[in-house]
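> Can you look at this prediction? I've put the sequence above it.
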Amino acid sequence: GGLTALVNCAGVLQGGAIGSVSLDNYMFNFKNNVQTVFEMMEHSIPFLQEAAAASHHPSIVNISSVNGKQAFAGCATYCASKAAVDQLT
């Protein structure tokens, strides 16, 4: 028993171009797309370390978006949030 894998594969997109996007838009995308990934990893790591000690080869898989590497118009904060997930990984 126990936790041996964590897969983060959720996300939201609230669009907005730089120059017209609000701080609320930024916070919405980063809270939902980055903070949740960070918190899930933070809370699961002790259990994954237990699995590693028992030779179960635990894993964390964070699925972001191609838009973390290639931005598209009108979605600046979404793309930045997906790039942040890539960096956490």
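Noted; the coordinates are in hand.
> quick one: the strands in this structure?
5-8, 59-62 (DSSP state E).
> which of the residues in the last one are buried?
When you say that, I think you mean strand 59-62. Residues of strand 59-62 classed as buried by neighbour count (16 or more other CB atoms under 10 Å): 60, 62. (Glycine included, C-beta is placed from N, CA and C.)
> Return the list of helices and strands in contact with that strand.
If contacts are counted by 3 or more CB pairs under 8 Å, 6 or more residues apart in numbering; DSSP states H and E, strand 59-62 sits against strand 5-8, helix 36-53, helix 76-88.
> Walk me through which strands that strand pairs with, and which way each runs.
Sheet pairing of strand 59-62 (DSSP bridges) gives strand 5-8 (parallel).
> List the contacts of the strand it pairs with.
With CB atoms under 8 Å, 6 or more residues apart in numbering as the test, strand 5-8 has contacts from 36-37, 40-41, 44, 48, 58-63, 85.
> circling back to that earlier point, now the strands of the chain in CSV, with mean pLDDT and distance to Leu23?
Shown next, in CSV, are the strands of the chain (pLDDT from 0 to 100; distance: least, CB to CB, whole Å):
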stretch, mean pLDDT, distance to Leu23
strand 5-8, 98, 24
strand 59-62, 97, 25
